[in-house]
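Visitor: got a predicted model here, sequence first, then my questions.
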Amino acid sequence: MKKIIFIGLLFFSLGTLFAQEKLPTKSVYLELGGPGLPYSFNYDFRFNQEKVDSWGMRLGFGGFAMDGESFFSLPVMANRLMGKGPHYFEIGLGATFFAFKQRQYDYGYCTNCVTDYDYNFILDVDGSPSVMGTMNFGYRKVPVDGGFMWKININPIFNNNGFWPLYAGVGFGYAF
């Protein structure tokens, strides 16, 4: 019996010694601001599962509903991490699809009243649903063995009504 335990421990030790470390090429995180506009929950992954500093993609969703108003966003972005773990510079380009509904006020006695409000999120928006272009320049800290990750970014946004270079975001989550 002692021989079997010894051989088992030996194989376990050798397997652990020669096992390749799994790099944290995926992450899930909450981002306030950023391409999801007010906030979003995101899944980010690298196309090359062997390298953290490579091209990848993020997909997310965000939104709210209160007092007859609602907002839904869907950020999609290709991005690249550059650097050595755990510190990375992040760049990206993508689009955020969004839809909104605003409360309509009808006072009944007003003949020329406007009951439809113009919506804007930093930039004017022509209607709902709509698309806003997004860029990403920032810092991401991803532990080399996974775990708590965070990021801070400048996220210029643009659409057919203009360009706003100073929108920002901060995210917190888990890399695996």
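Guide: That came in fine, so what should we check first? No experiment lies behind these values; they were computed from the predicted model shown. Residues are numbered from 1 along each chain as shown.

Visitor: apart from its neighbours in sequence, what residue is nearest E50?
Guide: L23 (7.0 Å; Cβ to Cβ, 6 or more residues apart in numbering). The way it works is simple: take the backbone N, C-alpha and C, and place the C-beta from them, glycine included.

Visitor: tell me the secondary structure for that neighbour?
Guide: Of the three states, L23 takes coil under DSSP: H, G, I helix; E, B strand; the rest coil.

Visitor: isn't it up against D53?
Guide: No: using Cβ atoms under 8 Å, L23 makes no contact with D53, being 9.9 Å away.

Visitor: the more surrounded of the two?
Guide: L23 (20 against 17; other Cβ atoms under 10 Å).

Visitor: what residues are up against the more buried one?
Guide: Applying Cβ atoms under 8 Å, 6 or more residues apart in numbering, we find L23 in contact with 49-52, 144.

Visitor: G34 versus that one, what's the distance?
Guide: Noted for L23: a distance of 24 Å to G34, by Cβ to Cβ, to the nearest Å.

Visitor: show me what contacts L123?
Guide: Shown in contact with L123 (Cβ under 8 Å, 6+ apart): 132, 157-159, 161-164.

Visitor: just put those residues in JSON lines and tack on pLDDT.
Guide: Below are the contacts of L123 laid out as JSON lines (pLDDT from 0 to 100):
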{"residue": "M132", "pLDDT": "94"}
{"residue": "I157", "pLDDT": "95"}
{"residue": "F158", "pLDDT": "96"}
{"residue": "N159", "pLDDT": "94"}
{"residue": "N161", "pLDDT": "91"}
{"residue": "G162", "pLDDT": "94"}
{"residue": "F163", "pLDDT": "96"}
{"residue": "W164", "pLDDT": "94"}
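
Visitor: list only buried entries from these.
Guide: 132, 157, 159 (16 or more other Cβ atoms under 10 Å).

Visitor: most centrally placed residue in this structure?
Guide: Using Cα atoms, centre = their mean, the residue of the chain that lies closest to the mean C-alpha position is N42, 4.2 Å off.

Visitor: what segments of the protein are strands?
Guide: 26-33, 39-46, 55-66, 69-84, 87-101, 120-121, 123-124, 130-141, 147-154, 157-159, 162-164, 168-175 (DSSP state E).

Visitor: tilt between the second one and strand 147-154?
Guide: Direction vectors for strand 39-46 and strand 147-154, defined by axes from the mean of the first three to the mean of the last three Cα atoms, to 10 degrees, enclose an angle of 110 degrees.

Visitor: same for strand 39-46, what does it pack against?
Guide: Counting contacts by 3 or more Cβ pairs under 8 Å, 6 or more residues apart in numbering; DSSP states H and E, strand 39-46 is packed against strand 26-33, strand 55-66, strand 69-84.
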